[in-house]
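>>> Only the shape, not the letters, is given here:
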């Protein structure tokens, strides 16, 4: 069994104390998000758990207690973008998050800290040249500290429509996606970082040797 911790919220950033307590007690109760009365008890015994995947934009609160996960195989999906507070409020500074990424990689190895450049959005501020520049900067800092970079384009879900209107985001067309993907692939290849897409219909594997 693989434990996803967690796609619903940033568990490492906000609920790490709760998580370590759950490991100590050996189980977790999970409520079905579509049926509030349905609660499942999931064992967290090391003999049952094949691995834990941590999803986070700021796993810093976990850093001093990683040894408590030593009985479990685990790795991090670490989302690191250069957006401002208008897109990602409440996060530490970009430099702090880069330092956390590098420290985590030093502690557990680059193959267990996978970088997510996600989601890629466009508006008057966050243009294609902006992404080109910021992605190159991040690659220059993270090269050698991660085994993989995953990117995806912003999906226009109804539940985030209000936020998207305030950001005045530009809807994706195929030509824009290819221009972005080509730029990311060229940069990732220059820094030796393998690149993959997440839940995208387009096949961009022809763009460079960095694509898997």
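Good, I have the coordinates. All values reported here derive from a predicted model rather than from experimental measurement.
>>> all helices for the protein, in order.
Remark: helices of the chain, listed N- to C-terminal, are 11-14, 16-25, 94-108, 128-142, 161-167, 174-190; assignment by DSSP state H.
>>> for this structure, which spans come out with low pLDDT?
Counting by pLDDT under 70, the chain shows low-confidence ranges at 156-163, 199-212.
>>> Which phi and psi values does residue 127 adopt?
Taking degrees, to the nearest 10, you get phi -90, psi 180 for the backbone angles of residue 127.
>>> Residue 106 and residue 63, how far apart?
Using CB to CB, to the nearest Å, we find residue 106 at a distance of 11 Å from residue 63. Where you see a C-beta, it was placed from the backbone N, CA and C, and this is true even at glycine.
>>> ok so, going back, of the helices of the chain, flag the one that's most buried.
Taking mean count of other CB atoms under 10 Å as the contact definition, the stretch among the helices of the chain with the greatest mean neighbour count is helix 11-14, which reaches a mean of 19.
>>> Show me what that one is packed against.
Using 3 or more CB pairs under 8 Å, 6 or more residues apart in numbering; DSSP states H and E as the contact criterion, the elements in contact with helix 11-14 are strand 51-56.
>>> what residue of the protein is the furthest out?
Within the chain, residue 37 marks the point farthest from the mean C-alpha position, 30.2 Å out by CA atoms, centre = their mean.
>>> how about that one, what does it touch?
Residues in contact with residue 37 (CB atoms under 8 Å, 6 or more residues apart in numbering): none are found.
>>> From residue 31, how far out is it?
When CB to CB is the yardstick, residue 37 and residue 31 sit 9 Å from each other.
>>> which residue sits closest to the residue nearest the centre of the chain in space, ignoring its chain neighbours?
Among the residues of the chain, the one closest to the centroid is residue 79, at 2.9 Å (CA atoms, centre = their mean). With sequence-adjacent residues excluded and distances taken as CB to CB, 6 or more residues apart in numbering, residue 79 is closest to residue 116, at 4.2 Å.
>>> separation between residue 9 and residue 57?
For residue 9, the distance to residue 57 - CB to CB - is 11 Å.
>>> and what of residue 66?
Spatial separation of residue 66 from residue 57 under the definition CB to CB is 17 Å.
>>> Which of these two has more residues huddled nearby?
Relative neighbour count places residue 57 above the other of residue 66 and residue 57, with 19 against 13, counting by other CB atoms under 10 Å.
>>> for the more buried one, what are its contacts?
Taking CB under 8 Å, 6+ apart as the contact definition, residue 57 lies against 10, 13, 78-80, 88, 91, 97.
>>> try 10 Å
Residues near residue 57 by CB atoms under 10 Å, 6 or more residues apart in numbering: 10, 12-13, 77-81, 88, 90-92, 97, 100, 116.
>>> Is the residue nearest to the centre of the chain in contact with residue 120, as I believe?
No - using CB atoms under 10 Å, residue 79 is not in contact with residue 120, being 11.7 Å away.
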